[in-house]
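> Generate coordinates for the sequence data below:
(one chain, ligands or ions: 2)
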Amino acid sequence: MEKIIVRGGKRLNGTVKVEGAKNAVLPIIAATLLASDGKTILNDVPALSDVFTISEVLRHLNAEVDFEGNRVIVDASRELKTDAPFEYVRKMRASVLVMGSLLARTGKARVALPGGCAIGSRPIDQHLKGFEAMGVKVKVGNGFIDAEVEGKLQGAKIYLDFPSVGATENIMMAATLAEGTTILENCAKEPEIVDLANLLNAMGAKVRGAGTGTIRIEGVSKLYGATHAIIPDRIEAGTFMVAAAITGGNVLVRGALMEHLSSLVAKMEEMGVQITEEGDGLRVIGPDKLKPIDIKTMPHPGFPTDMQSQMMSLLLAAEGTSMITETVFENRFMHVEEFRRMNADIKIEGRSVIINGPSKLQGAEVSATDLRAAAALVLAGLIADGFTRVTELKHLDRGYVDFHGKLLGLGADIERVNDQATQEPAQQSVSDMNV
Ligand SMILES: CC(=O)N[C@H]1[C@@H](OP(=O)(O)OP(=O)(O)OC[C@H]2O[C@@H](n3ccc(=O)[nH]c3=O)[C@H](O)[C@@H]2O)O[C@H](CO)[C@@H](O)[C@@H]1O
Ligand SMILES: C=C(OP(=O)(O)O)C(=O)O
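Ligands and ions are numbered 1, 2, ... in the order given. Coordinates of the predicted model:
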């Protein structure tokens, strides 16, 4: 079984560089299906398992996808197939993001129902409501969504009940090739939405207002291949910012953009962490004592749910009582039980978690319940007494490139191993361990 083994107690120092954003590149790869003419070249693509999964979906749909290091070249000019089977959607919910492009290009999409996952039920009713407003007939049955439009998609005025990131992206992609104008209201404002709009416009689309609550898309008749660089991953950046702060370290996180991270920066500063802009990144200096704070997750520009579990690790180290309220997903506290295995004083009350710090964390064998929980457990391991072993790394690999290697480069005592039976360590450091 693969696991990361970390021994707590090292202050992190040095420089770490963040990759291109997972949550930008996934919809962007789906959007490359819209180009019926020419190749799309994407730069700064992170080598994540999710990126390989969505590339497989595109290949299944008859697009050509080539990797050249961190560059991905997509040729979607051939006639496309229109189905995304369950084997892909089960691995990665973001596979549903091909629906908008397929409907726009072919008028049809058959996509396996995504179902729930560890962080909640995650329905896609808002995506479907948008497509239906554009003239699509949607049928759900036998585990599939069958969507089809007669003739062309029609521009429409669509109000989202919640600013869903995926629904905003899927509808935006569909609307680029629709007849007439689509006005999308109460839409998501995440930086990844802006990145997608920038690619679409480079392909010849007419998208205005991305990053605000109203996006206006004037349909065009054809889209072309374009070249685009993916924005830096603000969640990976935030995770390394927490790694610096939790160890009382001093780390330059290159690629971390203040304008994408303002809510996280504000909350970390409230805790006493020093954060300054330096070159193309943020320098983070952890204090000797962290102050407790309250956090509520919200759609952007509110505090990101994808940083909730990592901040929980940081609050375990703060002196006093903190509260985290999760408002975006109904079940994103699976990691709490794992933190408890590490001796954390933490309890769930409805949609909130109460943390009594500082917890004297002890190393333990813990299981990653989702992608961000995986990172959060490693972060807690950085300050736990003794050895922490984190398993279920398939979650981590969906969203972090060489996570343990980057922490090792900053001075953490950490190793990733593939072992059958790990012995209790009598050794001095993780790298001394014969596992
Ligand atoms: C690949 C990607 O970009 N993933 C991100 C994206 O996920 P994703 O796009 O799935 O997240 P959404 O913004 O759509 O979901 C937010 C909330 O809205 C609900 N909802 C969503 C759509 C819908 O049709 N009906 C509905 O009820 C969801 O169940 C959830 O409770 O945004 C989330 C919120 O910032 C992040 O945590 C994910 O990392
Ligand atoms: C929840 C996440 O991703 P996804 O929507 O791909 O599951 C995440 O990135 O933390």
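
> Could I get the full set of helices for the stretch 251-400 of the chain?
Counting by DSSP state H, counting those that start in this stretch, the stretch 251-400 of the chain has helices at residues 262-270, 308-316, 335-341, 371-381, 394-399.

> thought Thr214 was touching Ile183?
Yes - taking contacts as C-beta atoms under 8 Å, Thr214 lies within contact range of Ile183: 6.6 Å. Just so you know, the C-beta spots here come from the backbone N, C-alpha and C atoms, and that holds for glycine as well.

> Those two - which one has more neighbours?
Per other C-beta atoms under 10 Å, whichever of Thr214 and Ile183 has more neighbours is Ile183, with 16 against 13.

> I'd like the distance between the more buried one and ligand 2.
26 Å (C-beta to the nearest ligand atom, to the nearest Å).

> mind listing what that residue touches?
Residues touching Ile183, when contacts are defined by C-beta atoms under 8 Å, 6 or more residues apart in numbering, comprise 156-158, 214-217.

> and those residues as JSON lines, adding pLDDT?
Supplementary listing: the contacts of Ile183 in JSON lines, determined by pLDDT from 0 to 100:
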{"residue": "Ala156", "pLDDT": "98"}
{"residue": "Lys157", "pLDDT": "98"}
{"residue": "Ile158", "pLDDT": "98"}
{"residue": "Thr214", "pLDDT": "98"}
{"residue": "Ile215", "pLDDT": "98"}
{"residue": "Arg216", "pLDDT": "98"}
{"residue": "Ile217", "pLDDT": "98"}
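
> nearest to Gly38, of the helices of the stretch 251-400 of the chain?
helix 394-399 (30.1 Å; C-beta to C-beta).

> can you list contacts of that closest one?
Contacts to helix 394-399, defined as C-beta under 8 Å, 6+ apart, come from residues 4, 22, 48-50, 92, 235-236, 368-375, 378, 390, 403.

> Quick one: check it for contact with ligand 1.
No - shown here: helix 394-399 not in contact with ligand 1 (C-beta under 6 Å from any ligand atom), separated by at least 8.2 Å.

> Using PDB, write down the CA coordinates of that helix.
Listed in PDB are the C-alpha atoms of helix 394-399, where the atom choice follows Å, rounded to 0.1, in the frame of the first residue of the first chain:
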ATOM      1  CA  LYS A 394      -5.000   8.200  -4.900                       C
ATOM      2  CA  HIS A 395      -7.000  11.200  -3.600                       C
ATOM      3  CA  LEU A 396      -3.800  13.300  -3.100                       C
ATOM      4  CA  ASP A 397      -2.600  12.500  -6.600                       C
ATOM      5  CA  ARG A 398      -5.800  13.900  -8.100                       C
ATOM      6  CA  GLY A 399      -4.700  17.400  -7.100                       C
END
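
> Could you list the buried residues of it?
In terms of neighbour count (16 or more other C-beta atoms under 10 Å), helix 394-399 has its buried residues at 395-399.

> Next SSE downstream of that helix?
Of the helices and strands lying after helix 394-399 in sequence (DSSP states H and E), the nearest is helix 403-409.

> what's in contact with that next one?
Residues lying outside helix 403-409 but in contact with it, judged by C-beta under 8 Å, 6+ apart, are 4, 6, 12, 14, 16, 240, 243, 375, 378, 382, 396, 412, 414-416.

> what do you get for stretch 192-207?
Contacts of stretch 192-207 with the rest of the structure, by C-beta under 8 Å, 6+ apart, involve 21, 23-24, 27-28, 31, 34-35, 40, 165, 168-169, 172-173, 176, 187, 210-211, 215-220, 222-228, 230-231.

> Return the closest of the buried residues of helix 394-399 with respect to ligand 2.
Minimum separation from ligand 2 among these (C-beta to the nearest ligand atom) is found for Gly399, which lies at 5.2 Å.

> Can you list the neighbours in contact with the helix or strand bottoming out on mean pLDDT in the chain?
Scoring the helices and strands of the chain by mean pLDDT, DSSP states H and E places helix 86-91 at the bottom, with a mean of 88. Contacts of helix 86-91 with the rest of the structure, by C-beta under 8 Å, 6+ apart, involve 53, 56-57, 60, 95-96, 111-115, 143.

> Export the residues you listed as TSV, with columns for neighbour count, secondary structure and pLDDT.
Formatted as TSV, these follow (neighbours: other C-beta atoms under 10 Å; DSSP: H, G, I helix; E, B strand; the rest coil; pLDDT from 0 to 100):
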residue	neighbour count	secondary structure	pLDDT
Thr53	20	helix	95
Glu56	16	helix	96
Val57	26	helix	96
His60	16	helix	97
Ser95	26	helix	93
Val96	25	helix	95
Val111	25	strand	94
Ala112	19	strand	92
Leu113	15	coil	88
Pro114	20	coil	85
Gly115	13	coil	68
Gly143	10	coil	89
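
> Any regions of the stretch 101-250 of the chain where pLDDT drops low?
Counting by pLDDT under 70, the stretch 101-250 of the chain has low-confidence residues at 115-116.

> Could you pull out the helices in it for me?
Counting by DSSP H, counting those that start in this stretch, the segments of the stretch 101-250 of the chain that form helices are 125-133, 165-176, 191-202, 234-246.

> Would you mark the buried spots in the shortest one?
So the one you mean is helix 125-133. 126-131, 133.

> In terms of secondary structure, what does that helix contact?
The elements that helix 125-133 packs onto, with contact taken as 3 or more C-beta pairs under 8 Å, 6 or more residues apart in numbering; DSSP states H and E, are helix 98-106, strand 137-141, strand 144-148, strand 157-159, helix 165-176.

> now the angle between helix 98-106 and it, please.
Here helix 125-133 runs at 20 degrees with respect to helix 98-106, directions being taken by axes from the mean of the first three to the mean of the last three C-alpha atoms, to 10 degrees.

> Next one: helix 125-133, is it in contact with ligand 2?
No - among the residues of helix 125-133, none lie within reach of ligand 2 under C-beta under 6 Å from any ligand atom; the closest is 13.2 Å away.
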